[in-house]
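J.: Sequence plus predicted model, see below.
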Amino acid sequence: MAKLKGKKPSESELTTARLMMPTDANVLGNVFGGSIMKYMDEVAAIVAWRHAGKNVVTASIDRMNFYAPVYVGDLLTMKAAVNFVGHTSMEIGVRIEALDPRNREGTHTGSCYLTYVALDEKGRPTPIPPLILTTPAEKRRFKEAMARRKLREAEDAVLKAD
Ligand code: GDP
């Protein structure tokens, strides 16, 4: 099979915002972590699909810590980019910030790393274009993503051994 042409993270990266509605929150107006994770998965999946150029499915979502509350009426900003590409899977990172449009103050709510697998027309894992790294941040994220991949594999091995 012909080698796939490489792509830069800038060709698939995405920044998007979403207004938090009462349906996203509890009765006191605190947005559910699950709502944030759903929007994050959607945004990350778009980045993965743009990089792979094929259908993608979520393979794993890393642990996520919420550093600050998000309220109804906040603008949830999600910045997402591909950090690492393996043979058929890739890591997408998402940085989430909550912006109160009334005082324009932005807070880093959390960051998360998600893994997607690209699928062919028959639903089988299929190769993904390699990543062309140019900026120092992209090179750092690639290295850190490789370390996270090793950690996930080690954790899976421990859980399977039990
Ligand atoms: P980092 O992974 O150590 O750089 O931690 P951050 O919390 O700053 O970002 C988490 C992830 O969000 C990164 O790994 C990137 O994949 C993505 N990201 C961060 N900043 C940006 C940005 O300005 N634009 C886009 N598109 N993605 C970003």
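T.: Alright, I've got the coordinates.
J.: Span of stretch 47-61 from start to end?
T.: This stretch, stretch 47-61, spans 15 Å end to end (CA to CA, to the nearest Å).
J.: swap in stretch 128-142?
T.: Using CA to CA, first and last residues of stretch 128-142 are 15 Å apart.
J.: Distance from the chain centre to that stretch, please.
T.: Stretch 128-142 sits 15 Å away from the centroid of its parent chain (CA atoms, centre = their mean, to the nearest Å).
J.: Quick one: mean pLDDT for it?
T.: Here stretch 128-142 scores 98 as its mean pLDDT.
J.: which residues pair with the residue in the chain positioned nearest to the ligand across the strands?
T.: Nearest residue of the chain to the ligand: residue 93, at 2.5 Å (CB to the nearest ligand atom). Every C-beta, even on glycine, is put in place using the N, C-alpha and C of the backbone. For residue 93, the beta-bridge partners are residue 81, residue 113 (DSSP bridges).
J.: What about it, how many residues nearby?
T.: 23 (other CB atoms under 10 Å).
J.: my guess is it meets residue 113, correct?
T.: Yes: Residue 93 is in contact with residue 113 according to CB atoms under 8 Å; the separation is 5.2 Å.
J.: Surely residue 73 is in a strand?
T.: No: counting by DSSP: H, G, I helix; E, B strand; the rest coil, residue 73 is not part of a strand but coil.
J.: which other helices and strands contact the longest helix belonging to the chain?
T.: Ranked by number of residues, the top helix in the chain under DSSP state H is helix 136-161. Counting by 3 or more CB pairs under 8 Å, 6 or more residues apart in numbering; DSSP states H and E, the packing neighbours recorded for helix 136-161 are strand 75-85, strand 89-100, strand 105-119.
J.: which residues touch the nearest residue to residue 68 once chain neighbours are set aside?
T.: Nearest non-adjacent residue to residue 68, counting by CB to CB, 6 or more residues apart in numbering: residue 107, 4.6 Å away. Shown in contact with residue 107 (CB atoms under 8 Å, 6 or more residues apart in numbering): 67, 68, 97, 98, 99.
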